[in-house]
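Participant: can't give you the sequence, but here's the structure:
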């Protein structure tokens, strides 16, 4: 590729052309370049030092290649560089901290498993210092302590050194274990899922399939394999990697690693590896299968308190995404199949393949977002303004949560066949409140107030009071669902207020 001959070129895009070679040093001759996109090829080797001559470069994308070595320090000195994507290569060592690297939203280094350091927002491991001068300083300090404080303080220093050395070894063992989990290949995932066997298939989504897998060390994982023939799958993969890179919350699914590779047939392979959730999806619990495969299993059912706890978990996760991330994140596809339940039935919001980053901390309906994926949610759960072309906003997630809440406590999907024309789940519940709450609520939820029929004669008043309290709580919960799913985006409830009100209802129910 004779890039050097194109000296007066302002922009160059040779992405996804399967080029395989070292990046030519003549690239530095293209000093007028402002945009350079080389992603999705097989370029290999280190970045040539001649690229430091690209003083006018603003947008540089080298992602999804096989570049290796350390990240060049000269990237820091490219003063016009506004966007740098180095993700999914083989870079190693310390990430610089000045220039474009000061801005986590302008720099992407995801998928380079041997990088360390950088700014805190990148959340990379701390680099281990190998500088000899550090050891010399430590010896001089020990010598000064021994001269000033005598052999007694030297002995104390030796004891402390032994303690710290033991702690460091333990941490090293933990890091070794962590790295063994994070560094996975196509072959590793193929073996873990028994060749992506249908017996390990636990879910199918818009952009791929999810398999249960067991890694070599016994760790159970969920492997989401992207269908690369599906339009938008690659963008969904990158969106999910970007969204999950810097977020940590007890009610968000935990991603362990991402794999971007080539399968044994030479096809592009992309997968995300998650912490496995023992109790599957909320969808499976709200609408358990009646097929023959379920006969030998105990029927799945959730109590009123369990449903309320899961609703609080989901609201807390959305509150974190909307209010407490450095850049607000809109999930865009909240529904029961995207809420996973762990061993304790704690809710975890998953599947960020359609998520959007808001360009600035705002909940405005007209705010811009960074993703170009056109889909804005699933039928029945997507906010009505999205159907009219409005930009995504946090209000859209609140609408989806409102529909989810109504579904959890009525047992009816928003796509149920009974809903047609002007009747939808929102209007159905709104017309029934408060007088007919017992008729529209999930029967298993209401049974909690009247399960002990044998004691009804002796404790009829107590049971009556309990049933009345349950109906009052259900009325409040469904009222929140109605307030979240109103048609006007700006009239919907704030998600933090929702979480607080649900927690208050829970306390009242258990009092």
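Facilitator: Arrived safely. Predicted model, so just to flag it, every value in this text is computed and none were measured.
Participant: what stretches of the protein score poorly on pLDDT?
Facilitator: Residues of the chain meeting the criterion pLDDT under 70: 1-9, 16-20, 129-183, 290-299, 359-376, 443-463.
Participant: domains in it, as residue ranges please.
Facilitator: 3-122, 186-275, 297-510 (automatic domain parsing).
Participant: all helices of this structure, in order?
Facilitator: Using DSSP state H, the helices of the chain run over 132-182, 186-192, 233-245, 282-286, 304-319, 394-410, 425-432, 437-440, 443-446, 460-484, 495-510.
Participant: What are the contacting residues of the fourth one?
Facilitator: It refers to helix 282-286. 279, 300-302, 310, 335-337, 339-341, 347, 407-408, 411 (Cβ atoms under 8 Å, 6 or more residues apart in numbering). Where you see a C-beta, it was placed from the backbone N, CA and C, and this is true even at glycine.
Participant: Kindly recompute the last result at 6 Å.
Facilitator: Residues from elsewhere that reach helix 282-286 (Cβ atoms under 6 Å, 6 or more residues apart in numbering): 300, 302, 336-337, 339.
Participant: give the contact list for residue 341.
Facilitator: Residue 341 sits next to 277, 279 when contact means Cβ under 6 Å, 6+ apart.
Participant: Touching, residue 483 and residue 491? I think so.
Facilitator: No. At 8.2 Å, residue 483 does not count as touching residue 491 under the criterion of Cβ atoms under 6 Å.
Participant: who's more crowded, the two?
Facilitator: residue 483 (17 against 9; other Cβ atoms under 10 Å).
Participant: From residue 410, how far off is the nearest residue to that one once chain neighbours are set aside?
Facilitator: Take residue 483 and drop its neighbours on the chain: the residue closest to it by Cβ to Cβ, 6 or more residues apart in numbering is residue 493, 4.7 Å away. The gap separating residue 493 from residue 410 is 19 Å, by Cβ to Cβ, to the nearest Å.
Participant: same deal with residue 284?
Facilitator: 17 Å.
Participant: Settle it for me: which of these two has more neighbours?
Facilitator: residue 410 (23 against 17).
Participant: so what's the more buried one up against?
Facilitator: Contacts for residue 410 (Cβ under 6 Å, 6+ apart) come out as residue 440.
Participant: pretty sure residue 273 contacts residue 221?
Facilitator: Yes. With contact defined as Cβ under 6 Å, residue 273 reaches residue 221; the gap is 5.1 Å.
Participant: Who does the residue nearest to residue 259 when sequence neighbours are not counted form a beta bridge with?
Facilitator: Spatial nearest neighbour of residue 259, chain neighbours left out: residue 271 (4.6 Å); criterion: Cβ to Cβ, 6+ apart. On the basis of DSSP bridges, residue 271 is bridged to residue 225, residue 259.
Participant: from here on, count from 45
Facilitator: Sure, I'll start numbering at 45, so the last one becomes residue 315.
Participant: isn't residue 315 right up against residue 304?
Facilitator: No. Contact criterion Cβ under 6 Å: residue 315 and residue 304 do not qualify, at 8.2 Å.
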